[in-house]
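*Asks:* got a predicted model here, sequence first, then my questions.
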Amino acid sequence: MNCFKRLILFLLLIPVIGYTQPSFHAVYVSKPPVIDGRLNDDAWKNAAKIDQLYQREPNPGQPISEKTEFYICYDANQIYIGVKCFDDPAKITAKEMARDANLGNDDRVQVILDTFLDHRTGYWFQIGPRGSFGDATVSENGAVFNKDWNGVWEAKARIVADGWEAEMAIPFKTMGFDKNISTWGIKFIRNIKRKLEASYWPAANINTYRFQISDAGLMEGIQHITQGIGLDISPYAIGGMDTQNGSKNKYRATGGLDVFYQITPSLKSLLSINTDFAETAVDDRQINLTRFDLLFPERRDFFLDGASHFSFGIQGNDGNPYGKAIIPFFSRRMGLNNNGLPIKINYAGKLTGTIGPWNVGVMQVNDDHQTGNTNFSVARISRNIGGASSIGMIGTYGNAVSAGNNLVGGVDLKLATSKFRGNKNLTMILFGLKSDTKRLSGKDGSWGGSVTYPNDFLYFTLGHHEIGENFVAGMGYVPRTNIKESYGSIKIAPRPDRWGILQVSSGIGFDHIANFSNVIETRTISYSPVYLRFKSGEEFSYSLLQDGENLEQPFNIYSSFSIPAGFYQFYRQTLSFLTAGSRNFAINGSYVWGDFYNGSRKDYNFGMNYKVAVPFFLGIKYQQNDVTLPPGNFTTRIFQMNANILFSPRITLYNYFQYDNDSNTLGIQSRFQWIVNPGNEIFIVWSSNISQPLERYVMNDSALRFKVKYNIRF
């Protein structure tokens, strides 16, 4: 117990120990640069300049291999960032052009702004050589990365004779900040994909999170900036037509309104009336061969904005694979029915941000749920402690999973540091939850904790949680109850710097689940003897899984096939590979084979990306599961294809096709987006489901939507 107390005291105090980060003075300009992708404005001549970047990979601590210059200035309304990336134009990797495209396989530059100087939260912005730009929020000192956040800002880039150049203009209205401080944290990153090179200012050690906030540099002297009134009004109008086989066409016309108000520079409110998600991308098809519900990610902008303010317990760490076992608040419970189909959201209100050391997230939603409640409320409050630790609580009221009223409350404690043993990350999380559900009493608690050491050479995690039989998260996601689960893993990953290998890792993990009668339900041991990352960009891995499942009753796995009750122990092996994503033609795949309950199973996964030319992209994914059981055999197949045309960073056409032989339905979504100006957009979305596409053409249903969104800033 004394050791435990000393560990807590150490984690609380070590972030306070001072360390010096490099700094520069912010430069105010009276005439801002024109954002056209060329650094030829007078504003850049007097701007602050950063040109000393150092590699994080592949050669930690070495200077960047290609000369790079970042320029920074600001005026009362915006911060401006210019970048000059010297390179051979013929060698630049630049295939993406669309807004918010994944630039993981392109050259790119990234900027992180810690506008509260709290060393744990920030805004992330990136741009590639052809002008594709995107943004995100970063929290938990880089452990949580919300790429789906969309801010209103402007950026342009172009390839020039000696490399490529980019310009960004980020309004202060787009970000929250502390008006009482004149120093912000800032971090610059350049990625050169063909070299697998990631270089940072300030220098970042290999043990940090990729987007760690606590080691950012300092931008001093920011004064006289404003968010204006802080009011955004975004009306929208929608027209469309619904078609269903055997029925008359239905024509639709509606509209709605989103109002954003920056109560303070660090606290934002949002009111949405008749909330609409016509432009939201469809979910990927999945065929469930497990006993539990599948988890589909949130894709809707209203819920994604400020989502990190509602994370709780072990959920607040993207790197913890068990963080999805207990989610007290899961926004997909609202605005969707039990089949995942959209239902009307009449109104929704949200308050997110910070008040001094306090982090606040409050939301109220009213929708047209036919079962359970139609009103949903959640409040999440946490207080920062030291440099990276926090303590908080959460409460939800509403029930989207059953008819009875449901209330959930909980507290959590996070103790973390990025300075353990000098430059290592260490995190400990403890949490407790209790639910109150109509007609259920007792056994309604949940608690747990974890310790994680997420560093480059040595990574380990160890955790335990318990979920009572009657614990109900009416607005959350908890796939299994009446369990006690213990888990852990350890991995070592040296960098041999020979034979063309960038890094090789090897590890082992376990997961043990029993019920409260101490009867084993699931027991797995995973072995990962080899995972290779090559300097050329290729990857290869082999793993072995020992799985034990105790079925107290039969369960239907697929169609008419059922697995009898009993205890099963089986082994499954996996081989996987991928080729360098920087190439115009890249493939990836995996082969999984072995026993499966009282039979056997083989899984084939294959993916291909082909950049036909800069504006054209073709992506294909194929998944097949061959299952052999005593009653017979069955095969599941899922086919997905993207055929995208990128006219410019602001005008894109995405076409998505997917088919599965379970529903025997071909789903199609075509989504045209035109960003007229930042915040002002036009969408044309057509979606359709076609049954038995391999035999005859029958369009079950289709929907056409035309949406115009306009943003007015005050």
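*Replies:* Sure thing, it's come through.

*Asks:* switch to C-alpha atoms for all contacts and neighbour counts from now on
*Replies:* Will do.

*Asks:* middle-most residue in the protein, spatially?
*Replies:* When C-alpha atoms, centre = their mean is applied to the chain, the residue found nearest the centroid is Asn146 (4.5 Å).

*Asks:* give the contact list for it.
*Replies:* Residues in contact with Asn146, defined by C-alpha atoms under 8 Å, 6 or more residues apart in numbering, are Ala136, Thr137, Val138, Leu304, Ala307, Ser308.

*Asks:* the last one in helix, strand or coil?
*Replies:* It stands for Ser308. Three-state call for Ser308 (DSSP: H, G, I helix; E, B strand; the rest coil): helix.

*Asks:* and it, how many neighbours?
*Replies:* Per other C-alpha atoms under 10 Å, the neighbour tally for Ser308 reads 20.

*Asks:* hang on, the earlier thing: out of the contacts of Asn146, who's nearest Met241?
*Replies:* For the contacts of Asn146, the residue nearest Met241 by C-alpha to C-alpha is Leu304; the value is 27.6 Å.

*Asks:* so what does the closest one look like in phi/psi?
*Replies:* Dihedral pair for Leu304: phi -80, psi -30, per degrees, to the nearest 10.

*Asks:* and it, how many neighbours does it have?
*Replies:* The tally of other residues near Leu304 (other C-alpha under 10 Å) stands at 16.

*Asks:* then Leu271?
*Replies:* Per other C-alpha under 10 Å, the neighbour tally for Leu271 reads 19.

*Asks:* check Ser560 too.
*Replies:* 7.

*Asks:* which parts of the stretch 301-450 of the chain are helices?
*Replies:* Along the stretch 301-450 of the chain, counting by DSSP state H, counting those that start in this stretch, helices occupy 301-304.

*Asks:* quick one, strands of it?
*Replies:* Assigned by DSSP state E, counting those that start in this stretch, the stretch 301-450 of the chain shows strands spanning 345-355, 358-367, 375-385, 389-397, 406-420, 424-437, 445-454.

*Asks:* please report how far the residue nearest to the centre of the chain lies from Ser308.
*Replies:* Distance from Asn146 to Ser308, counting by C-alpha to C-alpha, to the nearest Å: 7 Å.

*Asks:* and for Gln262?
*Replies:* Gln262 sits 18 Å away from Ser308, taking C-alpha to C-alpha as the criterion.

*Asks:* before we move on, what about Tyr659?
*Replies:* 33 Å.

*Asks:* again with Asp88
*Replies:* Noted for Asp88: a distance of 40 Å to Ser308, by C-alpha to C-alpha.

*Asks:* for Asn373, same thing?
*Replies:* 25 Å.

*Asks:* now Val401
*Replies:* Going from Val401 to Ser308 by C-alpha to C-alpha gives 23 Å.

*Asks:* for Ile385, same thing?
*Replies:* Distance, Ile385 to Ser308, by C-alpha to C-alpha: 17 Å.

*Asks:* mind listing the helices for the protein?
*Replies:* With helices called from DSSP state H, the chain shows them at 2-13, 42-46, 301-304.

*Asks:* worst average pLDDT in the ones you listed?
*Replies:* When those are ranked by mean pLDDT, helix 2-13 comes last with a mean of 52.

*Asks:* top strand in the chain by residue count?
*Replies:* Longest strand of the chain, by residue count under DSSP state E: strand 632-648.

*Asks:* still on that earlier bit, for Thr137, see how far away the residue nearest to the centre of the chain is.
*Replies:* Applying C-alpha to C-alpha, the value for Asn146 to Thr137 is 5 Å.

*Asks:* for the closest residue to Asn288 other than its chain neighbours, give its distance to Arg480.
*Replies:* Nearest residue to Asn288, sequence neighbours excluded (C-alpha to C-alpha, 6 or more residues apart in numbering): Leu294, at 7.0 Å. Going from Leu294 to Arg480 by C-alpha to C-alpha gives 12 Å.

*Asks:* and the two? Which one has more around it.
*Replies:* Higher neighbour count among Leu294 and Arg480: Arg480, with 16 against 13, using other C-alpha under 10 Å.

*Asks:* how far away is the more buried one from Phe471?
*Replies:* 10 Å.

*Asks:* for stretch 142-160, measure first residue to last.
*Replies:* Chord length of stretch 142-160, first to last residue, is 33 Å (C-alpha to C-alpha).

*Asks:* stretch 542-562 now?
*Replies:* This stretch, stretch 542-562, spans 30 Å end to end (C-alpha to C-alpha).

*Asks:* I'd like the average pLDDT over it.
*Replies:* The predicted model assigns stretch 542-562 a mean pLDDT of 91.

*Asks:* identify all contacting residues around that stretch.
*Replies:* So stretch 542-562 is in contact with 288-291, 520-531, 563-576, 597, 631, going by C-alpha under 8 Å, 6+ apart.

*Asks:* quick one: low-confidence ranges for the chain?
*Replies:* Low-confidence segments of the chain, defined by pLDDT under 70: 1-19, 278-279, 316-320, 338-340, 371-372, 612-614, 692-699.

*Asks:* if we go to 50?
*Replies:* Within the chain, the segments meeting pLDDT under 50 span 15-18.

*Asks:* measure Trp39 to Ile50 for me?
*Replies:* Not Trp; residue 39 is Leu. Distance, Leu39 to Ile50, using C-alpha to C-alpha: 15 Å.

*Asks:* more crowded one of the two?
*Replies:* Legend: neighbour count by other C-alpha under 10 Å for Leu39 and Ile50, higher for Leu39 (21 against 17).

*Asks:* tell me the contacts of the more buried one?
*Replies:* With C-alpha under 8 Å, 6+ apart, Leu39 has these contacts: Gly82, Val83, Lys84, Glu165, Ala166, Glu167.

*Asks:* how about the nearest residue to the fifth one, chain neighbours excluded?
*Replies:* Which is Ala166. In space, Ala166 is closest to Ala157, 4.0 Å off (C-alpha to C-alpha, 6+ apart).

*Asks:* what is the burial count for the one you found?
*Replies:* Neighbour tally, Ala157, other C-alpha under 10 Å: 25.

*Asks:* how close does it sit to Glu96?
*Replies:* With C-alpha to C-alpha as the criterion, Ala157 and Glu96 are 12 Å apart.

*Asks:* now for the two: what residues contact both?
*Replies:* With C-alpha under 8 Å, 6+ apart as the test, Ala157 and Glu96 both reach Gly128, Arg130.

*Asks:* and the residue nearest to Lys324 when sequence neighbours are not counted, how close does it get to Leu304?
*Replies:* Nearest residue to Lys324, sequence neighbours excluded (C-alpha to C-alpha, 6+ apart): Gln315, at 6.1 Å. Look at Gln315 and Leu304: by C-alpha to C-alpha, they are 15 Å apart.

*Asks:* next, the buried residues of stretch 80-92.
*Replies:* Across stretch 80-92, burial judged by 16 or more other C-alpha atoms under 10 Å covers Tyr80, Ile81, Gly82, Val83, Lys84, Cys85, Phe86, Asp87, Ile92.

*Asks:* could you dump those to JSON lines with distance to Ala204?
*Replies:* Formatted as JSON lines, the buried residues of stretch 80-92 follow (distance: C-alpha to C-alpha, whole Å):
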{"residue": "Tyr80", "distance to Ala204": "24"}
{"residue": "Ile81", "distance to Ala204": "21"}
{"residue": "Gly82", "distance to Ala204": "21"}
{"residue": "Val83", "distance to Ala204": "19"}
{"residue": "Lys84", "distance to Ala204": "21"}
{"residue": "Cys85", "distance to Ala204": "19"}
{"residue": "Phe86", "distance to Ala204": "21"}
{"residue": "Asp87", "distance to Ala204": "23"}
{"residue": "Ile92", "distance to Ala204": "24"}
